[in-house]
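Participant: After the sequence you'll find the predicted model.
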Amino acid sequence: MRYLSDADVERLLPGPSDAVDLAHEALVALARGEAQAPPKPAVHTLPGSFANAMPAAWPARGLLGCKWISIFPGNPTQGLPTASGLVLLNDHRTGVPVCVMEAAALTAARTAAVSGACVRALSPGGGHVAITGAGVQARSHLRVLEALGTPEVVVFARRQQARDELAAWAARHTPGLRVRLVADVEQAVRGAAVVVTALSIGLEGAELRPEWVRADALLLPLDYASSVGRALAGSGVLVADDVAQFESVRAKGGLGEGYPSPTATTGDLLQAQRPPRRVTCQNLGNGLSDLVVAAAVARAAEDAGAGQLLGRAAP
């Protein structure tokens with residue numbers, strides 16, 4: 001079995017455009033019932049923290065695996081990432097584990113790739129992209145948005161230090177993208193064709209007001225219902241990457257009281273004509289999107305002889 005550190009994974013990730021293609025294929029496969037990604041069970045220890053198991057299989061592609069991911073919002077105060085975990089890939093013919101990799105870089109890239117697939121197919125155009133939050137997801141999304149040829153991104157962050165750090169990062173890593181940092185969330189969102197919300201899950205008092213948001217905007221909430229509440233989600237078309245997963249989260253109160261149900265999957269909408277209304281894609285995360293990106297990383301690692309081979313001692 002090959003072990004890949006987060007640094008290995010980051011070096012071997014597919015390019016942003018290729019990752020968007022993989023995410024698109026995974027979303028469509030889920031919509032067509034060609035792959036399996038059951039609702040992820042969650043376990044809890046500290047309040048506000050949880051861990052998920054995210055198994056997936058795509059028999060036609062020979063893919064089998066699982067991601068184990070934890071979210072601990074208090075970790076940054078200890079110098080640790082909020083999200084951490086592992087992805088395990090199995091041989092689809094025997095079930096034998098063949099590769100295990102750290103999940104932080106992969107999760108960031110996969111999340112941005114899923115958003116990118118939605119932006120590429122469902123953006124109404126004619127405006128900038130807004131991102132709320134200046135953390136890891138802002139960085140991974142800027143890479144994808146640059147690859148998609150986005151003309152301008154406006155990022156909201158409350159703290160001056162966060163704005164300065166992201167501006168410096170963008171100048172180095174996404175020089176072809178015009179990035180503007182603002183301290184007012186309404187200023188970021190007004191007029192945006194696409195709004196990506198990347199604040200903390202469960203954050204209170206952060207909901208976007210519907211009158212700030214264009215009538216035909218594409219909304220991509222990464223923070224569940226923290227920013228895109230029931231009023232905004234119910235003001236247009238609502239879809240989810242995995243409806244069963246969405247309903248599982250909704251039933252457990254993870255989206256707040258009265259949150260509407262999706263009318264279709266994101267993969268369905270990617271294959272259809274875009275509705276002339278607001279579109280909210282509640283992509284809560286599915287194991288298949290992780291699996292297709294992880295498989296690409298594992299193939300690149302095997303070709304390059306990267307990582308560390310873990311073997312069993314002879315009996």
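Facilitator: Arrived safely, thanks for sending.

Participant: for the stretch 151-300 of the chain, what spans make up the strands?
Facilitator: 152-156, 178-182, 194-197, 218-221, 237-240, 264-265, 279-282 (DSSP state E, counting those that start in this stretch).

Participant: Give me the helices and strands touching the shortest one, please.
Facilitator: Other helices and strands packing on strand 264-265, by 3 or more Cβ pairs under 8 Å, 6 or more residues apart in numbering; DSSP states H and E, are helix 16-32, strand 237-240. (Glycine included, C-beta is placed from N, CA and C.)

Participant: thinking again about what came up before, can the strands of the stretch 151-300 of the chain go into a markdown table with extra columns for mean neighbour count, distance to Gly48 and mean pLDDT?
Facilitator: Output for the strands of the stretch 151-300 of the chain, formatted as a markdown table (neighbours: other Cβ atoms under 10 Å; distance: least, Cβ to Cβ, whole Å; pLDDT from 0 to 100):
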| stretch | mean neighbour count | distance to Gly48 | mean pLDDT |
| --- | --- | --- | --- |
| strand 152-156 | 22 | 22 | 98 |
| strand 178-182 | 17 | 28 | 98 |
| strand 194-197 | 27 | 18 | 98 |
| strand 218-221 | 27 | 18 | 98 |
| strand 237-240 | 22 | 23 | 98 |
| strand 264-265 | 18 | 29 | 96 |
| strand 279-282 | 25 | 20 | 98 |
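
Participant: Relative to His92, how far out is the residue positioned nearest the centre of the chain?
Facilitator: Geometric centre of the chain, nearest residue: Thr111, 1.9 Å, by Cα atoms, centre = their mean. Using Cβ to Cβ, to the nearest Å, Thr111 is found at 25 Å from His92.

Participant: Also Arg209?
Facilitator: 47 Å.

Participant: quick one, which of the two is more surrounded?
Facilitator: Neighbours were counted for Arg209 and for His92 using other Cβ atoms under 10 Å; His92 has more, 16 against 12.

Participant: how about the more buried one, secondary structure?
Facilitator: coil (DSSP: H, G, I helix; E, B strand; the rest coil).

Participant: That one reaches Gly65, doesn't it?
Facilitator: No. Judged on Cβ atoms under 8 Å, His92 makes no contact with Gly65 at a distance of 9.0 Å.

Participant: which neighbours do the two share?
Facilitator: Shared contacts of His92 and Gly65, defined by Cβ atoms under 8 Å, 6 or more residues apart in numbering, are found at Ala57.

Participant: what's stretch 37-53 in contact with?
Facilitator: 30, 54-56, 66-74, 85, 202, 242, 244-245, 248, 285-288.

Participant: Now do the buried residues in it.
Facilitator: Neighbour counts over stretch 37-53 (16 or more other Cβ atoms under 10 Å) mark 37-40, 50-52 as buried.

Participant: Find the pair from those residues with maximum spatial separation.
Facilitator: Using Cβ to Cβ, the pair of the buried residues of stretch 37-53 lying farthest apart is Ala37 and Phe50, separated by 18.1 Å.

Participant: Now for Trp58, how many residues are close by?
Facilitator: Neighbours around Trp58, by other Cβ under 10 Å: 22.

Participant: and it, what are its bridge partners?
Facilitator: Leu63 (DSSP bridges).

Participant: what residues are up against it?
Facilitator: Residues near Trp58 by Cβ under 8 Å, 6+ apart: 26, 29, 34-36, 288, 291-292.

Participant: one more time with 7 Å, if that's ok
Facilitator: By Cβ atoms under 7 Å, 6 or more residues apart in numbering, the contact list for Trp58 reads 29, 34-35, 288, 291.

Participant: quick one, helices of the chain?
Facilitator: Assigned by DSSP state H, the chain shows helices spanning 6-12, 16-32, 104-122, 136-147, 160-173, 185-189, 230-233, 243-251, 266-270, 287-304.
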